[in-house]
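1. Below: sequence and its predicted model.
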Amino acid sequence: MALTDDTQRFAALSARLTGFDPADLADTGLVEVYRDVTAEELGAERYALLLREFGDPCAATAAEDIPGGELRAEARALTYLWYTGSWPGPPPRLVSPRAYAEGLVWKAAGVTAPAAAPGGYGSWAEGGGL
């Protein structure tokens, strides 16, 4: 599948905010889903502004480096989305069970998301997760 310029810029911004390689983000299969969620949650104008201000390779490298309170909060929300699979609330919006399972928090910890691996209840205790 060919990535659009918008999707590539979104993936580049996401990689800088999360600290994960764009290929790792692409492997989740959620780049386009998260792009759509972000655009919906922020609205078209705020989403475009976020990409315009920070969607190029020379932009800031972390949410804390992004100037301005509102865009910083939006960058943090995007980072939260990648790490947890949900958009921050209140109440938080879980994107999907797959988004939960692909959350970067689990990859950063080197574990499988609880209840996301085959094997049934308690399989994590047998060495499959934690």
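-> Yep, that arrived. Numbering: from 1, shown residues only.
2. Can you give me the neighbour number for residue 103?
-> Counted with other C-beta atoms under 10 Å, the neighbours of residue 103 add up to 23. Glycine gets a C-beta too; all of them are placed from N, C-alpha and C.
3. ok, it - contacts?
-> By C-beta atoms under 8 Å, 6 or more residues apart in numbering, residue 103 lies in contact with 82-85, 113.
4. So for the helix or strand bottoming out on mean pLDDT in the chain, what gets flagged as buried?
-> Counting by mean pLDDT, DSSP states H and E, the weakest-scoring helix or strand in the chain turns out to be helix 44-54, with a mean of 88. Of the residues in helix 44-54, those buried under the neighbour-count criterion (16 or more other C-beta atoms under 10 Å) are 47, 49-51, 53-54.
5. From the residues you listed, pick the one nearest residue 20.
-> Minimum distance to residue 20 across these is 16.3 Å, recorded for residue 54 (C-beta to C-beta).
6. ok, the closest one touching residue 74?
-> No. In this structure residue 54 lies outside contact range of residue 74 using C-beta atoms under 8 Å: 9.6 Å.
7. can you redo the buried residues of helix 44-54 as CSV with distance to residue 95?
-> Putting the buried residues of helix 44-54 into CSV (distance: C-beta to C-beta, whole Å) gives the following:
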residue, distance to residue 95
47, 16
49, 22
50, 18
51, 19
53, 24
54, 22
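8. How far does the strand or helix carrying residue 33 sit from its chain's centre?
-> Here residue 33 is covered by helix 31-42, with elements defined by DSSP states H and E. Mean-position distance between helix 31-42 and its chain equals 10 Å (C-alpha atoms, centre = their mean, to the nearest Å).
9. relative to helix 31-42, how tilted is the least confident helix or strand of the chain?
-> 120 degrees (axes from the mean of the first three to the mean of the last three C-alpha atoms, to 10 degrees).
10. Give me the helices and strands touching helix 44-54, please.
-> Using 3 or more C-beta pairs under 8 Å, 6 or more residues apart in numbering; DSSP states H and E, the elements in contact with helix 44-54 are helix 5-18, helix 31-42, helix 69-84.
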